[in-house]
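In: build me a structure from this.
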Amino acid sequence: GGDFSSLNISYNNFSYENHNAISITDNATVLGNYFANVSKAAVYIARGSWTNVTSNTIVNSSFVAVGGGYPAASIFAFSSEHVNVSYNTIVNGINGVYLAWDLLNPSSGSNYSFVGFNNVSFVNASGVSALNAVGINVSNNTIYNVSNSSASEVYGIYLLNLTNSNASYNSVSNVSSNQSSPSIFLSGLVNASVAGNVLSGSSTGVNASSTSFSSLHLNQLSSMSSFGFWFSGVTASNASHNFLSGAGARAVYLTANSSAVFYNTSLNQSGVVFGDAGSNASVWWAVSVLVRDFNNAPIQGASVSLSNSSSALASASSDSSGLAINSLLVQEYFQNGSQVYGTNVTDAKPFSVSASAAGYSPASASVNFTSSSAYTVVLTPLGGGGNPAATPTPSPSPASSLTPSSTPTPTSVSSPSPTIHPIMTPTASPIPTTSPRLINSSSQVSRSLQNQYSLVLNQVLQRIGGLEESEESFEAKRLIALAQEAASKGDYSIALQYLN
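Out: Modelled structure (predicted):
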């Protein structure tokens with residue numbers, strides 16, 4: 001090993017080192033090296049800047065603390081800015097990548113650093129850790145099997161006291177200890193973004209305390225032994241398009257006056273658990289309403305109204321396409337820590353949709369919005385002239401691309417803000433009227449989204465065709481692959497979000 005600055009250290013073999021294999025500071029590159037059985041850090045960066053550690057393989061190393069009060073880590077940096085740690089493979093160690101601050105100057109972290117596209121497995125403390133810094137980007141890492149049966153806590157990704165930082169599009173699985181083992185742990189973060197992660201096989205998917213989110217969306221959480229989300233002193237006012245499955249009976253835990261607003265996210269509402277009366281959670285959906293005749297022709301100028309179980313939400317006239325209400329945010333559910341699910345939570349169902357137009361018989365129906373949906377009201381001409389369509393059980397269709405505001409008050413349609421009162425017994429299923437004329441238009445919306453997806457995909461493919469191989473092109477290709485996977489499942493709305 002040795003100390004290097006402004007050097008390129010590439011394609012070497014380091015083995016059986018009893019100290020840090022490589023120590024670097026400024027403007028150094030460590031590329032394509034192989035490290036095996038190194039007792040301390042394979043790569044140690046001390047108060048450096050603009051360093052690159054890429055495409056290295058580190059095996060059976062870094063079981064001894066690097067010293068100075070810092071833990072053991074395969075790639076370790078402290079008080080170093082603009083560090084790039086990417087495309088490395090780390091197998092069998094304590095911490096995979098660890099970005100620390102100067103213990104003599106806690107405000108001096110490894111700012112504006114990137115940890116991405118690394119593969120970390122079989123470590124027994126954390127896959128990636130970053131502490132006391134600004135502008136940390138942890139993305140596109142694969143972290144597998146962070147396990148220590150004798151430890152009370154281990155972490156897939158551990159982020160502490162960060163500002164304007166993100167953990168995005170990581171895959172974290174099989175994180176386990178004898179107590180707490182979150183896939184992603186956040187504490188003391190300001191303006192955090194957690195998006196597009198695939199998390200499975202941990203005690204908790206996202207464990208956050210004293211944290212404010214700029215975004216919390218498109219995360220897939222499955223097979224958690226405790227909770228999907230665990231919030232303490234957290235404000236998550238724009239949690240959107242998250243997917244939870246196999247999280248047992250408990251979906252979300254909130255305490256210490258936490259507030260979580262979930263948009264377009266299905267929750268097991270009976271599995272929302274509160275640790276105090278001051279915390280709350282709510283679920284909102286984007287709803288669209290169209291008006292057509294029995295020949296599927298749009299009706300312009302129809303009067304449409306939408307209300308929940310206690311108050312009016314919106315009224316509008318349909319345009320030339322028959323669209324009257326477009327992606328209006330409606331609240332399905334609200335509960336705080338003083339309410340009991342099934343007894344006195346605020347449940348806005350059932351909703352009522354009605355439409356009328358000159359020359360047609362009016363129509364209305366009662367529905368339960370439990371997903372973002374587009375619905376068509378079919379009007380029959382006065383005096384007959386056609387067979388009105390029946391009302392099937394409502395099924396969801398992808399909503400248009402939506403970035404909800406941080407305030408959960410619907411603003412899509414000019415109308416009084418809804419006032420929703422507790423309903424003692426929530427309705428469990430849609431209730432058709434005696435003359436049902438509400439049909440689901442998901443197939444029409446799906447075809448439109450499919451056409452839009454195909455057009456955008458071709459444009460993106462043409463645009464990246466001339467890009468040289470780079471981090472930008474790798475990221476573009478990854479997002480295209482995710483979009484194509486979503487499209488193969490018919491999720492064209494999600495696919496478009498990846499392409500945009």
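
In: low pLDDT regions in the stretch 51-200 of the chain?
Out: With pLDDT under 70 as the threshold, the stretch 51-200 of the chain has low-confidence stretches at 103-108.

In: show me where it has its strands.
Out: Residue ranges of the strands in the stretch 51-200 of the chain, as given by DSSP state E, counting those that start in this stretch, are 57-59, 75-78, 81-86, 89-100, 114-116, 119-134, 137-139, 142-148, 155-163, 166-168, 171-177, 182-187, 192-195, 198-200.

In: which of those strands sits most buried?
Out: strand 75-78 (a mean of 27; mean count of other C-beta atoms under 10 Å). No exception for glycine: its C-beta is placed from N, CA and C like everyone else's.

In: which neighbouring elements make contact with that one?
Out: Here strand 75-78 touches strand 43-46, strand 81-86, strand 89-100, going by 3 or more C-beta pairs under 8 Å, 6 or more residues apart in numbering; DSSP states H and E.

In: what's the second one in contact with?
Out: Residues lying outside strand 81-86 but in contact with it, judged by C-beta atoms under 8 Å, 6 or more residues apart in numbering, are 45, 48-55, 75, 77, 97, 99, 110-118, 471.

In: if you set the cut-off to 7 Å instead, what comes out?
Out: Under the contact criterion C-beta atoms under 7 Å, 6 or more residues apart in numbering, strand 81-86 has outside partners 45, 49-54, 75, 77, 97, 99, 110-118.

In: go on, the shortest one?
Out: Strand 43-46 is contacted from outside by 20, 22-25, 30, 51, 53, 66, 75-78, 80, 83, using C-beta under 7 Å, 6+ apart.

In: nearest to residue 291, of the residues you listed?
Out: Ranking the contacts of strand 43-46 by separation from residue 291, with C-beta to C-beta as the measure, puts residue 83 on top at 57.1 Å.

In: and that closest one, how far from residue 325?
Out: Using C-beta to C-beta, to the nearest Å, one obtains 49 Å as the distance from residue 83 to residue 325.

In: output the helices and strands packed on strand 75-78 in JSON lines, with distance to residue 377 appended to each entry.
Out: Below are the helices and strands packed on strand 75-78 laid out as JSON lines (distance: least, C-beta to C-beta, whole Å):
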{"stretch": "strand 43-46", "distance to residue 377": "63"}
{"stretch": "strand 81-86", "distance to residue 377": "53"}
{"stretch": "strand 89-100", "distance to residue 377": "55"}
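
In: quick check: which of the ones you listed is nearest to residue 364?
Out: When the helices and strands packed on strand 75-78 are compared by C-beta to C-beta, strand 81-86 sits nearest residue 364, at 57.2 Å.

In: for stretch 484-496, how far is the first residue from the last?
Out: Taking C-alpha to C-alpha, to the nearest Å as the measure, stretch 484-496 stretches 10 Å from start to finish.

In: now that stretch: mean pLDDT?
Out: This predicted structure assigns stretch 484-496 an average pLDDT of 70.

In: for stretch 25-36, same thing?
Out: For stretch 25-36, the mean per-residue pLDDT is 95.

In: name the residues that touch it?
Out: Defining contact as C-beta under 7 Å, 6+ apart, one finds that stretch 25-36 is touched by 4-15, 21-22, 24, 42-43, 46-61.

In: list only buried entries from these.
Out: Buried members of the contacts of stretch 25-36, scored by 16 or more other C-beta atoms under 10 Å, are 4, 9, 14, 21-22, 24, 42-43, 46, 48-49, 51-59, 61.

In: which helix or strand contains residue 487?
Out: Per DSSP states H and E, residue 487 falls inside helix 471-488.

In: what's near enough to touch residue 145?
Out: When the contact criterion is C-beta under 7 Å, 6+ apart, the partners of residue 145 are 121, 122, 174.

In: excluding chain neighbours, what is closest to the first one?
Out: By the measure of C-beta to C-beta, 6 or more residues apart in numbering, the closest residue to residue 121 outside its immediate chain neighbours is residue 144, 4.4 Å from it.

In: bridging across strands, which residues link to the one you found?
Out: Residues in a beta bridge with residue 144, per DSSP bridges, are residue 121, residue 173.

In: alright, I will stop here.
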